[in-house]
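A predicted structure for the sequence below; I have some questions about it.
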Amino acid sequence: MSTDPSHQRSAMVDRQIAARGITNEAILSAFREVPRETFVEPGMEEFAYADGPLPIGEGQTISQPYIVASMIDAADVKRGDRVLEVGAGSGYAAAVLSRIADRVFAIERHEVLARKARERLDSLNYDNCSIVAGDGIRGMPDEAPFDAILVAARIAQIPEALKRQLRIGGSLVIPVGEESVQQLQSIVRTGEDSWSSRDITPVRFVPLLEGVVPENGTRAASDHRGMQDMPLPQAIAEACTPLPDITDPDFPAAFDRYADKRVVMLGECSHGTHEFYAARAAITRHLVERHGFTIVAVEGDWPDAAAYDRFIRGKEPREGASPPFERFPTWMWRNTVMPGFLESLRSINAGRAPEDQAGFYGLDIYNMSGSIESVLAYLDEHDPQAAAIARERYGCLTPWQADPATYGRAALRKGYAECEQAVAAQCRDLLERALEDGGGSFSAAMNARLIASAERYYRIMYYGGPESWNLRDSHMTDTLEHLLERGGEQAKAVVWAHNSHIGDARATEMGAVRGEHNIGQLARERWGDDVALIGFGTHGGTVSAATDWDGEREVKAVNPSRRDSYERLCHDSGVERFLLDLGDNPTLASRLSEPLLERFIGVIYRPETERWSHYSEAVLARQFDGYCWFDETQALQPLRAHEPHGGAAETFPFGL
C-alpha cells in the first residue's frame, strides 16, 4: 500500500465513499482535497485514511470518512450555502464542508479541541470556516438561518433551537437515539412551524452534552452528567462476585444463576488463552452434570466435532474418517484442556441412557471437504443409489475441496454458479430424509447444510461487505436451533465462541457501523430472556496466536489493556478473577452503557498495531448479560509443543 498521503486519500475516496454510493462530485472532490492526516493526533498519521473513527483526545473521535460524507450528502450541502456543524472535534468535517459551502460555522464544547481545530484550519488557509467553543445544543442564533445543520453527537430528542435555526427548505442531519445505537435522521424544515423527517442509517456517536469544557478541564455548571460519586473500578469491585481458582470445585457454582436458561453462551476475547478454555470446560461440565444441559456447541466445524461427539458417547471413531480439527488453527480444539474435558463428558455420559447423553457439536461452516466425506459415507451405507446422485451433485465442488477459497474466486466467473443449485438440492433431500426417518440421518443433513452454506460463503466472500460474516453467523444460529428442536422442549445448550460472535452485535461497531449481526444477537431475537451471553476478558499475560493467517503458532505477550477500555476498568478494580452479573446490577449496568474500547484477539495477534487491529468500541452492558474476568492469563498450549497446523496422523482424542 502506498504511504503517499495523496494516494491514500484518493484510495479512501474511491473505496470507502464512492464505492458505497456517494456520487456527488462536489463531496468527492472536497474529500480528495482535505488532508485528513492534518486532523488526527500526532503519531496517528499512518491511520488517517483507515475506514473508521480515530481518537482525538478529550474522549472524542474524528468520525469515519464515510459517515461524514453520508451526513453531508443527506444535508444536500451546495455551493453558496451557510452551514452549521455541532461537534467540530478536530475540525475535519468543517474543513470538508468549507470546500463545498460558502460559509461554515462550527461549535465545539471542548475549548482545547476548538483551539486546535482553528489552528489546523488556519494552517490550511481555509478562511471561510469559523470554529468557536460553545454549547452546541443552543446552536448559533446570531448567525442563523442555516441552509444545513450537521450534528456530530447523539441525542435522545432533537433540540428545538436547532430546528428553529434552519431556513425553510433547510436540512438538519443528526443521530437520534440511546447509547448503544442511534438512527441518523434528516429533518427538513417545510414551513414556519412544520418539519419532515426520514431515517438514513444506523450509527453510533458520542453524546451531545450541555455546557463548555474549559482548557483547564473543569466543567460548566450546566454539564449535568448524573455520575455517582464512586469511581467505576470501585463500583465493579463492589458489584462483582470474586471467583476462586478455576481448579477449585466451587469455581463453576457462581454460574448457577444462569442454569435456568435454555442457551448459555460462553465467550473469549482471544482464541489462544488457557484460562478461557479451562473456565468454559469447568462451567460446562457443571451445567451438564448438575443442570440438564445436553448440547455443547462450539465455534468449530460439524464433521470435526462429530469425532469428539463419538468419543464422549463411548463410540469408536468412524472407519476411514480424517483426523478432526486439522484446519488452522489447530490449537483451538487440539489443546491441553480438551482431553480432560472430553474425558469428563464421556464419564458423565457413561451413566446415562443414550437419549439423555450430552453431545458435542460444531456450528461453523469451513470444513466443506469433511462434510462431503461424511454425507457420502452415510449414503454409501444407507442408500447407494442416492450416494451416486450426491457424488454427481458435488462433482463441481470436488476440485476445490482442498482449498475452497479458490472456488470462491473461480465462482466469480461465469460457469460455476450451477454448484449452488446442486448442493442446495442435496441439502433439501437429506433434510426431508431426516424428517421422514425421525432424525436418523440428522448428522448427514447437518453436513449437507454446511456444504450449502460453505458454498455460498466462499462464493460471496470476495464481494466484501457484511454478507459473508452474516451468512456464517446465521448458519451457526440455525444449526443451534436445529439441535434444540431435535432435543425437544427440555433441551438446553452451552455455546463456546469468541466474544465477537456471542456478544450482541447491536452493541458494537460491527452491528452499529458495519451492519453485521452475530449469533448472540440472533439468539436474543429468537429466544429472548432464555439466553445468557457471558463475555470473557483479560488485562495482560501471554496468548497463543499467529502473526499472519495460516502462520505458525507463537506465544506472544499481551499488551496491558488501554486506559480508555473496559478492560482497564476491570483491572483497576483490583479483583483478580470475578463474574459480573450485569442483569443483577442495573445501576452499574447503566454506568457501563457508555461506549468504550474493548479488546478482540482472534487467531491473529499483532501487538504493534493493537489499537487498530484488536480494539473496537462497544457497550458492555448491552453486549453481555455477564462478564467473566481474569486479570492475568497464559497462552493456550497445543497437545504437542510444536504441532504443525497441517495436522497430526492420529485421530484425537482416541490416540491419547
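Arrived safely. Residues are numbered from 1 along each chain as shown.

which ones are touching the residue nearest in space to the middle of the chain?
Central residue of the chain (Cα atoms, centre = their mean): residue 500, 4.0 Å from the mean position. Residues in contact with residue 500 (Cβ atoms under 8 Å, 6 or more residues apart in numbering) are 508, 510, 518, 600, 602. C-betas here are computed from N, CA, C, even on glycine.

mind exporting whichever helix or strand it is part of as PDB, just the C-alpha atoms?
In this structure, residue 500 sits in helix 499-502 according to DSSP states H and E. Presented in PDB, the C-alpha positions along helix 499-502 are these (Å, rounded to 0.1, in the frame of the first residue of the first chain):
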ATOM      1  CA  ASN A 499     -16.800 -12.600  22.100                       C
ATOM      2  CA  SER A 500     -17.300 -11.100  18.700                       C
ATOM      3  CA  HIS A 501     -19.800 -13.900  17.900                       C
ATOM      4  CA  ILE A 502     -21.700 -14.200  21.300                       C
END
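
Distance check, the residue nearest to the centre of the chain against residue 601.
Using Cβ to Cβ, to the nearest Å, one gets 10 Å for the distance from residue 500 to residue 601.

So what's the model's average confidence on whichever helix or strand residue 116 is part of?
Per DSSP H and E, residue 116 falls inside helix 111-123. Helix 111-123 comes out with an average pLDDT of 92.

Using neighbour counts, pick out the buried residues of that helix.
Buried residues in helix 111-123, counting neighbours by 16 or more other Cβ atoms under 10 Å, are found at 111-114, 116-118, 120-121.

CA-only coordinates of the helix or strand that that helix is followed by, as CSV, when you get a sec.
The helix or strand immediately downstream of helix 111-123 is strand 129-133, counting by DSSP H and E. Extracted in CSV, the C-alpha atoms of strand 129-133 (Å, rounded to 0.1, in the frame of the first residue of the first chain):
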residue,chain,number,x,y,z
CYS,A,129,-14.8,28.5,8.3
SER,A,130,-15.2,29.7,11.9
ILE,A,131,-14.9,27.4,14.9
VAL,A,132,-15.9,28.5,18.3
ALA,A,133,-16.1,26.9,21.8
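
so what strands line up beside strand 129-133?
Sheet pairing for strand 129-133, assigned by DSSP bridges, gives strand 103-108 (parallel).

returning to that earlier point: what separates the helix holding residue 116 from the chain centre, distance-wise?
Centre-to-centre, helix 111-123 and its host chain are 34 Å apart (Cα atoms, centre = their mean, to the nearest Å).

mind listing the strands for the stretch 51-200 of the chain?
Along the stretch 51-200 of the chain, counting by DSSP state E, counting those that start in this stretch, strands occupy 54-57, 60-62, 82-86, 103-108, 129-133, 146-151, 166-177, 182-191, 194-203.

TSV for those strands, including mean pLDDT and mean neighbour count?
Shown next, in TSV, are these (pLDDT from 0 to 100; neighbours: other Cβ atoms under 10 Å):
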stretch	mean pLDDT	mean neighbour count
strand 54-57	79	18
strand 60-62	81	21
strand 82-86	95	26
strand 103-108	94	26
strand 129-133	92	21
strand 146-151	95	26
strand 166-177	93	20
strand 182-191	92	18
strand 194-203	89	14
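
got any ranges where the stretch 551-656 of the chain has weak pLDDT?
Scanning the stretch 551-656 of the chain for pLDDT under 70 picks out the ranges 641-656.

Now do the residue nearest to residue 336 when sequence neighbours are not counted against residue 262, distance only.
Leaving aside its sequence neighbours, residue 336 sits nearest to residue 637 (Cβ to Cβ, 6 or more residues apart in numbering; 4.7 Å). Residue 637 is 33 Å from residue 262, where distance means Cβ to Cβ.

OK, contacts around residue 476?
299, 363-365, 497, 501, 519.

make it 7 Å
Counting by Cβ atoms under 7 Å, 6 or more residues apart in numbering, residue 476 touches 363-364, 519.

With residue 239 instead?
Counting by Cβ under 7 Å, 6+ apart, residue 239 touches 580, 585, 588.

Residue 305 now?
Residue 305 neighbours (Cβ under 7 Å, 6+ apart): 298, 360-362.

between those, which has the most around it?
residue 362 (29 neighbours; other Cβ atoms under 10 Å).

so where do the strands sit in the stretch 551-656 of the chain?
Counting by DSSP E, counting those that start in this stretch, the strands of the stretch 551-656 of the chain are 554-558, 577-581, 596-599, 615-618, 626-633.

List the contacts of the fourth one.
Translated: strand 615-618. 204, 507-509, 562, 565, 595, 597-600.

for stretch 167-175, same thing?
By Cβ under 7 Å, 6+ apart, stretch 167-175 touches 71, 74-76, 145-151, 154-155, 158, 162-163, 166, 182, 184-189, 191, 203, 205.

Point out where the stretch 251-400 of the chain drops to low pLDDT.
367-376, 378-379, 386-387, 389-400.

in it, which spans are helices?
Listed in chain order, the helices found in the stretch 251-400 of the chain under DSSP state H, counting those that start in this stretch are 274-291, 302-312, 338-350, 368-382, 384-393.

any idea which of those helices is most buried?
Highest mean neighbour count among these (mean count of other Cβ atoms under 10 Å): helix 302-312, with a mean of 24.

now the angle from that helix to helix 274-291?
Here the directions of helix 302-312 and helix 274-291 differ by 60 degrees (axes from the mean of the first three to the mean of the last three Cα atoms, to 10 degrees).

Check the offset of helix 302-312 from the chain's centre.
For helix 302-312, the distance to the chain centre is 28 Å (Cα atoms, centre = their mean).

can you check stretch 257-276 too?
Centre to centre, stretch against its chain (Cα atoms, centre = their mean), the figure for stretch 257-276 is 16 Å.

One more: stretch 307-326?
Worked out by Cα atoms, centre = their mean, stretch 307-326 lies 32 Å from the chain centre.

isn't residue 472 right up against residue 301?
No: using Cβ atoms under 7 Å, residue 472 is not in contact with residue 301; the gap is 11.5 Å.

Could you pick out the longest helix of this protein?
helix 467-487 (DSSP state H).

So for that helix, mean pLDDT?
85.

mind listing the helices for the stretch 501-650 of the chain?
Using DSSP H, counting those that start in this stretch, helices in the stretch 501-650 of the chain cover 509-512, 519-527, 566-572, 586-591, 610-614, 620-623.
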